[in-house]
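**Q** pasting the sequence and the predicted coordinates here, then a few questions.
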Amino acid sequence: MYTVKDLYDLNETIAAELFEGKQYPWEVLADIGEFILKLGPTLSKEKYDHPAEDIWIAKSVTVAATATLTGPLIIDEDTEIRPGAFIRGKVIIGKNCVVGNSTELKNVILFNTVQVPHYNYVGDSILGTHSHMGAGSITSNVKSDKTPVVVKNGEEQIETGLKKFGAMVGDYVEVGCNSVLNPGTVIGRNSNIYPLSSVRGVVPEKSIFKGKDNIVKKL
């Protein structure tokens, strides 16, 4: 339930090549920036503008005048970047996405049709297609003791070797308002997170997370 294949449809991202040969999705986090610098110059000049060094934006994208964009960065077609968005670099945003007011992104991949529309922080994370972060929900990407992040599922533990690792959010996941996805969180496809949740470890696919001791399967 932790692998790239388990969580993501790679047909729904311009970054599919980045995942080739990787078992776990977090293995790509260290390579996002370099991948953008490799892919960007190959993008069609008819479809993409290159407004600044290390930044490529599809011509059909809408970017608010008050948004802040820092490269390396690729924004794919028909996406909307709303006022006050802060994109800090090493970011790939897919088609038909919404990055909303006061939302901050850093070292992330948003697959196609992802919405982070209101007051979200997403860092060192991957959000699968059609996933949605409710208003005020965030990924926490560094442990308080600054030790490397471990993905935990009951007695099973996977050492990642990463000090910065937010969340791997599968396709079609709904994260409720003002929730925190703690470092190393993995949420399986088609799951829902209740508002005001503090999520740790692994949430299986097709589940409803009501609390750490109250995770139920969808009917």
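**A** All right, it came through fine.
**Q** make it CA atoms for all contacts and neighbour counts henceforth
**A** Will do.
**Q** which stretches of the chain form helices?
**A** Taking DSSP state H as the test, the helices found in the chain are 4-7, 32-39.
**Q** could I get these as TSV with distance to residue 107 and mean pLDDT?
**A** Shown next, in TSV, are these (distance: least, C-alpha to C-alpha, whole Å; pLDDT from 0 to 100):
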stretch	distance to residue 107	mean pLDDT
helix 4-7	18	98
helix 32-39	7	98
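**Q** those helices: which one's closest to residue 180?
**A** Distance to residue 180, taken as C-alpha to C-alpha, is lowest for helix 4-7 among the helices of the chain, at 19.5 Å.
**Q** which elements pack onto that closest one?
**A** Using 3 or more C-alpha pairs under 8 Å, 6 or more residues apart in numbering; DSSP states H and E, no helix or strand is in contact with helix 4-7.
**Q** so which bits of it are buried?
**A** For helix 4-7, a neighbour-count test (16 or more other C-alpha atoms under 10 Å) marks 4, 6, 7 as buried.
**Q** again with stretch 6-20
**A** Applying 16+ other C-alpha under 10 Å to stretch 6-20 flags 6, 7, 8, 9, 10, 12, 13, 14, 15, 18, 19 as buried.
**Q** rewinding a little: format the buried residues of helix 4-7 as JSON lines; extra columns: distance to residue 89.
**A** Listed next are those as JSON lines, based on distance: C-alpha to C-alpha, whole Å:
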{"residue": "4", "distance to residue 89": "23"}
{"residue": "6", "distance to residue 89": "27"}
{"residue": "7", "distance to residue 89": "24"}
